[in-house]
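A.B. asks: fold the following, please.
(2 chains)
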Amino acid sequence: MSKIGLIIKREIKSKLSNKTFLIMTFLAPILITGFFGFIIKMSMDDKTQQKVLVVDDTKHTTQLLQGNDYITFVNTNLKLDEAIDKLVKEDYTCVLNIFENTVGGGAGAVKLFYKKSPGLFFQENIKNQLEKIFQEEKLKANNIDPNIINNTRESIKLITQKVDENGFKKDDSNLGFLGFLVGALMFMFIMLYGMMVFRSVMEEKTNRIIEVIVSSVKPFELMMGKIIGVALLGLIQFIIMGVISIILTTLLSTLFLKDINKEFSKFNSQQELVKKMGTNVNFNQLEDYQDKIEVFDLLKKIDALPIQLIVICFILYFIGGYLFYSSLMAAIGSAVDSEADSQQFITPVMIPLMAGYFIAVKSMTNPDSAIAYWASFIPFTSPIVMMSRLNVNTPVWELLLSLGLLYASFIFMAYIAAKIYRTGILMYGKKVSWKEVGKWLFYK
Amino acid sequence: MSLLQINNVSKKYGNHVALNNVSINVSEKSVFGLLGPNGAGKTSLIRIINQITGPDTGEILFKGEKLSQKHISKIGYLPEERGLYKKMPVGEQAMYLAQLKGLKKAEAKKRLTYWFEKFEMQTWWKKKIDELSKGMQQKVQFIVTVLHEPELIILDEPFSGFDPVNAQLIKNEILELRKQGATIIFSTHNMGSVEELCDHIALINKSEKILDGTVKDIRKQHRTNTYKVAFKGNVMGFTNALWTGGEVIEKITEDDINYFTIKLNKAITSSQMLQAVLPHCELVSFNEIIPNMNDIFISKVSTTLTNETGTQSNLTE
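C.D. replies: Numbers count the residues shown, from 1 in each chain, chains lettered A, B, ... in the order given. Down below sits the predicted model:
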């Protein structure tokens, strides 16, 4: 047993002293969060302070354009030329010119002069406000109370709810897109660490150190030591990556998502208000978040995620799936002499993993399809498919059965792999075929 | 007393018979030569002794006990195809392999320091294997093999890759280890070193043991009644006197001296031959030619080869 400990220790140490491995461990989460941060930052960039000089030829909008924490409107009676002159000389960022013919059925046009390119959010804000103002103007001109129109507006939200065999209604919070993402991550990690085991086994064989080592330890101990070593390494890497990611996301979200979060809670309380008071709410007091509804939806979904369940299942399925596939990879690594020869063996192993991935994509739209259901029990695909199907309503027995099958198959697979490994590591110079490998299973 | 007793061991890989009913007895504190052409089954036998694989039938006794896992720490093995981790520092690597053989960390460190000093390689400790020459790597491997002070040391082609100076160094170490009480099984194609080092040999060919005994006895047994005679005088007279008693294999004449290699018929003894030829010549010297291990190896292996036509031998190495 102490020998397995030595093997595990060496395996971890040799990888930890590998610079590429270390760099990837620290760089990957920085790159990924950095990438998302960059995208968010790009969309948030609109929030630079805007001081707008309004030249309103129609005189309708005076006092009606509402500024917010980053947009300030300043009305002026100056002519456009003078206003632009002022824009250049003073600290204004834009001049908004509303043409006289904008109201009254004419082809409405408004022009924005700027020094620095105005963001999309900012443009959208001005456009929405003006449309609302002019719509109300027109309604008033026709003697219609804008409140009536507002009150007739209905927004329908379709809520899906699952009814189980016992007739219980449950909140359906399928992970949807995220489930697929988690499945893809699982695919990546199983492949990554499986290949690590494969390389480590092949390295010892091509190095010819293997014969010295198996004269000291049993091949099975060596194989298991490797598999466990890389698994621990994977978990260490997970923890490091996880901690860095959490720190970075918290940092980024406090930096960039502050406003969105504030608006999100405001939006939530507004929704509560609407639910309580129905259409009697004074809509003028409400802020219009139409343009941010999608972002809010995503935030809501994230809030509703069963994070603990996902993390626990991810770790359990990763370990199970990894153990299962890495035993296969160890057997392959022992059978071949060089990486070039390995393709014919690796491809058939990749196929079920890929299949799992595609089923996971499919289960994004239809998590209860027969193929997704069965694939979440078959050990070749279950780690990926079950993760993408996972939601709070997944029956515990399904999880237990699927995990049980996975771990039981690992034990079976390790037994088979050990037989191939034992013979393969000492077999040189032969181009190995599947048939040959099959024979090794029956050597005494 | 025998340290290792191999009794009727057979091993098959699929349809290929690697060992067929091989029995060998290795006595304690001896250097035992395990000889045979490539593919004869030596490595299979060595792997069975190392418990890397098990025999299909037969048994192996280590000091009278059935060979088991607990004997692993009592055996040191230097395989023919040997390597080390390329990227791992020498010292760390040696420590790892020593600990796998059951040495405690502190003890391993102490002994490694001793050996590294002995071979003057203290500066290698932190170097990577990549940075060492092949001979240097071999030294590291040799140290790792004997570090845990095994009772049985198995060396498969230990001198390949060494320059003559280092080969001599290792040879001396082997003899020193035997003096200290270790038993050594030594597999090689270098017959010169077999005569120099081995007390006892076994020759394996085509999965079977075909020869077994002490080097002295085997050489004696393989005497072919062949002599080298140097004489001055009449060649014709000499040949006539020899008549049908034997056959002249080789004739060389240098500075009036004739060197004849003569293979006598079985019934004729050397003194009979001398009595017959002495009246016809002046004898300068007379020696029996005792075949060396190389000749015995070739004759033994090729006789079994000729029995099977069409089989290619690869004796050259």
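
A.B. asks: list the contacts for B:Lys266?
C.D. replies: B:Asn225 (C-beta atoms under 8 Å, 6 or more residues apart in numbering or on different chains). (Each C-beta comes from the backbone N, C-alpha and C, glycine too.)

A.B. asks: change it to 6 Å
C.D. replies: For B:Lys266, the set of contacting residues under the criterion of C-beta atoms under 6 Å, 6 or more residues apart in numbering or on different chains is empty.

A.B. asks: what stretches of the stretch 51-200 of chain A score poorly on pLDDT?
C.D. replies: A:60-63, A:101-108, A:155, A:157-177 (pLDDT under 70).

A.B. asks: may I have the phi/psi pair for the single nearest residue of it relative to chain B?
C.D. replies: For the stretch 51-200 of chain A, the nearest residue to chain B under the criterion C-beta to the nearest C-beta is A:Ser200, separated by 10.4 Å. For A:Ser200, the backbone dihedrals are phi -60, psi -40 (criterion: degrees, to the nearest 10).

A.B. asks: need the residues of chain B near chain A, please.
C.D. replies: Residues of chain B found near chain A (C-beta under 6 Å from any C-beta of the partner chain) are B:14, B:50, B:52, B:77, B:79, B:81-84, B:96, B:99-101.

A.B. asks: on that earlier part again, any idea how far the residue of the stretch 51-200 of chain A closest to chain B is from A:Arg422?
C.D. replies: As for A:Ser200, its distance to A:Arg422 is 17 Å (criterion: C-beta to C-beta, to the nearest Å).

A.B. asks: residue contacts, the residue of chain A at minimum distance from chain B?
C.D. replies: Chain B sits closest to A:Arg208 of chain A, with a gap of 3.4 Å, by C-beta to the nearest C-beta. For A:Arg208, the contacting residues are B:81-83, taking C-beta under 6 Å, 6+ apart as the criterion.

A.B. asks: may I have the beta-bridge partners of the residue nearest to B:Asp256 when sequence neighbours are not counted?
C.D. replies: Nearest-residue entry for B:Asp256: B:Lys232, 5.7 Å, with adjacent residues in sequence omitted and distances by C-beta to C-beta, 6 or more residues apart in numbering or on different chains. Here B:Lys232 sits in beta bridges with B:Glu282, going by DSSP bridges.

A.B. asks: residues near the residue of the stretch 51-200 of chain A closest to chain B, how many?
C.D. replies: A:Ser200 sits with 21 neighbouring residues when counted by other C-beta atoms under 10 Å in any protein chain shown.

A.B. asks: I'd say it and A:Ile227 touch.
C.D. replies: No: taking contacts as C-beta atoms under 6 Å, A:Ser200 lies outside contact range of A:Ile227: 9.4 Å.

A.B. asks: may I have the phi/psi pair for A:Ile144?
C.D. replies: Note on A:Ile144: backbone dihedrals following degrees, to the nearest 10 are phi -110, psi 130.

A.B. asks: who touches stretch B:94-112?
C.D. replies: Contacts made with stretch B:94-112 from outside it, assessed by C-beta under 6 Å, 6+ apart, are listed as A:3, A:6, A:10, A:216-217, B:73, B:144, B:147-148.

A.B. asks: quick check: the residue nearest to B:Asp256 touching B:Glu282?
C.D. replies: Yes: assessed by C-beta under 6 Å, B:Lys232 is found in contact with B:Glu282 at 4.4 Å.

A.B. asks: let's see which of the residues of chain B next to chain A end up in strands.
C.D. replies: Judged by DSSP state E, the subset of those located in strands is B:Tyr77.

A.B. asks: could you flag which of the residues of chain B next to chain A are buried?
C.D. replies: With neighbours counted using 16 or more other C-beta atoms under 10 Å in any protein chain shown, these contain these buried positions: B:50, B:52, B:77, B:79, B:82-84, B:96, B:99-101.

A.B. asks: in contact with the residue nearest to B:Asp256, which residues?
C.D. replies: B:256-257, B:282.

A.B. asks: which residues touch B:Tyr227?
C.D. replies: B:262, B:288.

A.B. asks: just the pLDDT for it.
C.D. replies: Confidence per residue is given as pLDDT, and for B:Tyr227 that number is 88.

A.B. asks: swap in B:Glu196?
C.D. replies: pLDDT, B:Glu196: 84.

A.B. asks: and it, how many neighbours does it have?
C.D. replies: Neighbours around B:Glu196, by other C-beta under 10 Å: 13.
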